[in-house]
Structures are given as C-alpha cells and as structure tokens.
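A.B. asks: here is a sequence with its predicted model. Questions after.
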Amino acid sequence: MQIFYFKTSKFSAEAFYQDGRMTITKNSTANTNILSSCPFAIKNIRQQLIESGILKEIAGKLIFTDNYSCSSPSQASAIINGSSSNGMLSWKDINGKTLKWHLKQNE
C-alpha cells in the first residue's frame with residue numbers, strides 16, 4: 001500500500017489512498033490553528049473528531065489517536081491543514097510525487 005505524506009513546519013501527516021478515499025493514519029498531526037479559508041464543513045468535522053477523541057491535543061499538537069477515513073484527498077488535507085487544500089497536490093509520496101501524478105500513472 002502506497003503511503004502519502006503532507007508535512008509542514010507545523011504538522012506531519014501520513015495517509016493512504018484506496019477506492020477514492022484517503023485514510024489519515026494514527027499518530028499523524030494536524031495544524032492546531034483553523035485558518036479563515038477553512039470551510040464550515042471541515043470546521044465541523046474537526047470539532048467532531050476532537051469531541052470523539054480521534055483528534056486529541058497533546059503537548060500543543062493535534063494528534064490522531066486512530067486512523068480516520070475521509071471522503072476525498074482534499075477533505076483529508078483540509079482537516080490536517082485547517083484550511084482549504086487541494087489533496088491531489090498536497091499529498092506526496094516519499095520521493096515528492098503527488099497523488100495526482102500517481103493516479104495519472106494508473107489511468
């Protein structure tokens with residue numbers, strides 16, 4: 001299974017893509033800040049994840065305590081980033097190839 005990464009200085013997330021869904025893996029971290037460009041639906045999902053304990057603040061970081069499956073790569077990257085995000089470009093393999101690149105190779 002191909003693992004993809006979405007990393008910045010504020011967070012580091014891993015996920016895998018299968019059947020159109022992106023699953024964020026346990027121990028991935030997310031941006032603690034929600035930016036003004038964050039869609040309302042993503043804010044709600046993040047709040048639900050915090051309330052359910054799947055996303056937990058530990059030592060100033062938001063950490064996934066379990067795998068979480070998202071309806072799309074963009075939904076996954078927006079949850080991680082706390083703002084709108086193009087998941088096809090945000091998620092990259094270990095060599096820096098985007099998810100979009102991988103999907104094109106499989107057409």
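C.D. replies: Perfect, I can see it now.
A.B. asks: from residue 68, how far out is residue 48?
C.D. replies: Note on residue 48: its distance to residue 68, by Cβ to Cβ, to the nearest Å, is 10 Å. (Glycine included, C-beta is placed from N, CA and C.)
A.B. asks: list the contacts for residue 98?
C.D. replies: 88, 89, 90, 91, 92 (Cβ atoms under 8 Å, 6 or more residues apart in numbering).
A.B. asks: equivalent analysis for residue 49, please.
C.D. replies: 55, 68, 79.
A.B. asks: my read: the second one touches residue 24, true?
C.D. replies: Yes - Residue 68 sits in contact with residue 24 when judged by Cβ atoms under 8 Å, with a separation of 4.8 Å.
A.B. asks: what do these two both touch?
C.D. replies: Joint contacts of residue 68 and residue 24 (Cβ under 8 Å, 6+ apart) are residue 79.
A.B. asks: between the two, which is the more surrounded one?
C.D. replies: residue 24 (26 against 20; other Cβ atoms under 10 Å).
A.B. asks: residue contacts, residue 65?
C.D. replies: Counted by Cβ under 8 Å, 6+ apart, residue 65 has contacts 26, 53, 54, 55, 56.
A.B. asks: and which of those is nearest to residue 8?
C.D. replies: Nearest to residue 8 among the contacts of residue 65, counting by Cβ to Cβ, is residue 55 at 17.0 Å.
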